[in-house]
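# The amino acid sequence is not available; the structure is as follows:
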C-alpha cells in the first residue's frame with residue numbers, strides 16, 4: 001500500500017527524475033543515520049561487505065531514476081504496470097544469482113505479466129519511451145531483493161537499509177554532474193510543496209517500506225516479495241484515476257494487459273498458500 005503512493009508522489013514533485021531520487025535518498029539517508037544513532041542500531045561493516053551494500057544501493061538508485069523517468073515520459077499507470085515485470089526478471093535471475101532451483105511455474109507467471117505489458121505496448125505506441133524505461137526499472141528492481149536475500153543472513157534489516165540507501169545517495173551524487181549535463185533540469189531546488197512531498201516519499205514510502213520488504217525476505221522468497229509488489233499498480237493506478245483522471249487516456253488494451261497482470265498475482269498467491277498448507 002505504501003509503495004502504491006510512490007508514483008502519485010513522483011508526479012506531484014516537479015523536479016526531474018534524477019534530482020527527485022537524489023533528494024529522496026539524501027533525506028532518507030540523513031533520517032536513518034539520526035534514528036539509528038540514537039537507537040544504537042548502527043553496525044560496523046567491513047570494507048568489502050560495505051562495497052557490496054553500496055553496490056546494491058546504487059542499483060536501487062538507478063531503479064528509482066528509471067521508474068520516475070517512466071512516469072515523466074508516459075504516466076503513472078503505465079509506469080506502474082511496467083514495474084510488474086519485476087516478477088518475470090526475478091524468476092529468471094534468482095536461480096542464476098543464488099544458485100537455487102529454477103521454477104517453471106514462476107517463469108510462466110512472469111511471462112503472463114510480460115504478455116500484459118506487451119498488449120499495452122503493442123496497442124499504445126505513444127508510451128514507447130516510458131515503457132522502455134519502465135521495463136528497465138523492473139529489471140533493476142528485481143536485483144536488489146535477490147542480493148538482499150544473502151545479506152539478511154548476516155545483518156539486521158536496519159543495517160542493510162542504512163548502508164544501501166547511503167550507498168545509493170553517494171554513488172548517485174557522483175553521477176549527478178554528468179546526469180544534469182545530459183538531461184538539463186528546469187530547476188534544481190524543490191519548491192515548498194515539493195519538499196513536503198519529498199518528506200512523505202522518503203519517510204513512509206522509502207524508510208518504512210524498505211525495512212518491511214527486507215524483513216519479509218526472512219520468511220518468503222525474493223520472487224514472492226516482488227510478485228506481491230505487483231499489487232502496487234492496483235493501488236497506484238486507482239489513485240492515478242482519482243487524482244489525475246488517467247482513465248480518460250487509457251484504452252481497452254490497457255485493461256486487458258492489467259487483467260493478465262492481476263491474474264498472475266492471484267495465481268501466485270494461491271500457489272504460495274497451498275505450498276504453506278502442505279508444509
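Nice, I can see it. Not measured: the values here are computed from a predicted model.
# Next up, the contacts around the spatially most central residue of the chain.
In the chain, the residue lying closest to the centroid (C-alpha atoms, centre = their mean) is residue 141, at 5.2 Å. The neighbours of residue 141, taking C-beta atoms under 8 Å, 6 or more residues apart in numbering as the test, are 63, 67, 83, 86, 89, 226. Any C-beta I mention is one placed from the backbone N, CA and C, and that applies to glycine too.
# okay, it: pLDDT?
Here, the pLDDT recorded for residue 141 equals 90.
# Run through the residues that contact the nearest residue to residue 1 once chain neighbours are set aside.
The shortest distance from residue 1 to any non-neighbouring residue, by C-beta to C-beta, 6 or more residues apart in numbering, is to residue 235 (5.8 Å). Going by C-beta under 8 Å, 6+ apart, residue 235 touches 1, 3-5.
# So how do I select the buried members of these in PyMOL?
Buried members of the contacts of residue 235, defined by 16 or more other C-beta atoms under 10 Å, are picked up in PyMOL with:
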select buried, resi 3+4+5
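# sec struct for residue 40, please.
Here residue 40 is coil, with the state taken from DSSP: H, G, I helix; E, B strand; the rest coil.
# Residue 130 versus that one, what's the distance?
Remark: distance between residue 40 and residue 130 (C-beta to C-beta, to the nearest Å) = 44 Å.
# Tell me which of the two has more neighbours.
Taking other C-beta atoms under 10 Å, residue 40 and residue 130 do not tie; residue 130 has more neighbours (21 against 7).
# residues contacting that one?
69-75, 78-79, 82.
# Quick check: nearest residue in space to it, chain neighbours excluded?
residue 74 (2.4 Å).
# Give me the distance between that neighbour and residue 105.
Separation of residue 74 from residue 105 (C-beta to C-beta): 30 Å.
# Specify which residue of these two has the higher count of neighbours.
With neighbours defined as other C-beta under 10 Å, residue 74 and residue 105 compare such that residue 74 has more, 23 against 11.
# what sits against the more buried one?
By C-beta under 8 Å, 6+ apart, the contact list for residue 74 reads 127, 129-131, 133-134.
# among those residues, which are in helices?
Using DSSP state H, 129-131, 133-134 are the members of the contacts of residue 74 that sit in helices.
# between those residues, which is nearest residue 171?
residue 133 (19.4 Å; C-beta to C-beta).
# which residue packs closest to the closest one, ignoring adjacent ones?
The shortest distance from residue 133 to any non-neighbouring residue, by C-beta to C-beta, 6+ apart, is to residue 70 (4.1 Å).
# Look up which helix or strand the one you found falls in, please.
Element membership of residue 70 [criterion: DSSP states H and E] is helix 47-73.
# what about that helix, average pLDDT?
Rounded mean pLDDT across helix 47-73 is 93.
# Now that helix: buried residues?
Those would be 52-73, for helix 47-73 by 16+ other C-beta under 10 Å.
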